[in-house]
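Engineer: Using only what follows, build the 3D model:
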Amino acid sequence: MMEPREIIREAREKRGWSQKDLADRAGVSQVAIVKIESGATVHSKFLPKIAQILALDLADLDHTLKGVTLPGEGRSFLSESSRPFLNEVRPDFRIYASAEGGPGEIIRSSEPIDFIPRPSHLIHVKDAYGLLVTGSSMAPEYKHGEMAIVEPSLPVMPDEVHIFYAEKDGEARATIKHLRRVTAERWLVRQHNPPEGMAADFTLSRKEWGIAHRVTGKWARR
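Structural biologist: Next comes the predicted model:
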């Protein structure tokens, strides 16, 4: 049985709409659609409108999703079995949402969408954060809707996955890719599932994509 977020995503894609297209029709932000389709929001107040636009039965969308949720909106991203590994006292680990931003690219939310207890191995790594993955270019290593754990303070390292950032039109553009090699001017990267028209191996200009944050793990949906 498909989960509500999958039903919404499938109905949107059948119409050939982007997440922004659906957001515009529903009168909501694109980030709101990202949260719903990734499982970040369980019981959204926008579901009735989205169901109407996509000609879906609201009853099919009105049961609990498993995934990251905003405070007060249902279950946490982490199952109860994960909690012994967390610092329960300080829910200060930032989670950012992402939205489609072009082939192989995403737009990261400017502000965190949630704060959860910090993983025990990151208690002293204050700049670490989580990023909800959009798209399938790095699946199955990092699937759509999973949360990448990012540690910006670590040095860039070949043969590791990184989040690369560029600012375009005032937005924080990002892309998650496997770093193969570094030159003075280029990042040589690889993606597992290239979007149509793109190669698995390609380069990013370091002048344009000036920031690289190393990814050290993930939390998958339970």
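
Engineer: ok, then the element right after the helix or strand bottoming out on mean pLDDT in the chain?
Structural biologist: Within the chain, confidence by mean pLDDT, DSSP states H and E is lowest for strand 86-87 among all helices and strands, at a mean of 42. Per DSSP states H and E, strand 86-87 leads on to strand 93-96 as the next helix or strand towards the C-terminus.

Engineer: quick one, longest helix in the chain?
Structural biologist: Counting by DSSP state H, the longest helix found in the chain is helix 4-14.

Engineer: contacting residues around that helix?
Structural biologist: 2, 19, 21-22, 36-39, 47, 50, 54-56, 60-63, 65, 67, 145 (C-beta atoms under 8 Å, 6 or more residues apart in numbering). Where you see a C-beta, it was placed from the backbone N, CA and C, and this is true even at glycine.

Engineer: Put the buried members of these into a PyMOL selection.
Structural biologist: Buried residues among the contacts of helix 4-14 (16 or more other C-beta atoms under 10 Å), as a PyMOL selection:
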select buried, resi 19+22+36+37+38+39+47+50+54+56+61+65+67+145
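
Engineer: So which of the contacts of helix 4-14 sit within helices?
Structural biologist: 19, 21-22, 36-38, 47, 50, 54, 60-61.

Engineer: and the lengthiest strand in the chain, which residues are buried?
Structural biologist: The residue-count maximum for a strand in the chain (DSSP state E) belongs to strand 171-182. Neighbour counts over strand 171-182 (16+ other C-beta under 10 Å) mark 172-179 as buried.

Engineer: helix or strand right after that strand?
Structural biologist: Counting by DSSP H and E, what follows strand 171-182 is strand 186-190.

Engineer: In terms of secondary structure, what does that following strand contact?
Structural biologist: Helices and strands touching strand 186-190, by 3 or more C-beta pairs under 8 Å, 6 or more residues apart in numbering; DSSP states H and E, are strand 171-182, strand 201-205.

Engineer: neighbouring contacts of stretch 156-164?
Structural biologist: 131, 138, 141-142, 148, 150, 174-182, 187, 189, 204, 209, 211-215.

Engineer: pLDDT (mean, whole number) over that stretch?
Structural biologist: Per-residue pLDDT over stretch 156-164 has a mean of 94.

Engineer: Output it as CSV, nothing but the C-alphas.
Structural biologist: Taking Å, rounded to 0.1, in the frame of the first residue of the first chain, the C-alpha atoms of stretch 156-164 are listed here in CSV:
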residue,chain,number,x,y,z
VAL,A,156,37.1,17.9,1.9
MET,A,157,38.1,14.3,1.1
PRO,A,158,38.1,12.4,-2.3
ASP,A,159,36.0,9.2,-2.4
GLU,A,160,33.5,10.7,0.0
VAL,A,161,30.0,12.1,-0.6
HIS,A,162,29.7,15.9,-0.2
ILE,A,163,27.0,18.6,-0.4
PHE,A,164,28.2,21.3,-2.8
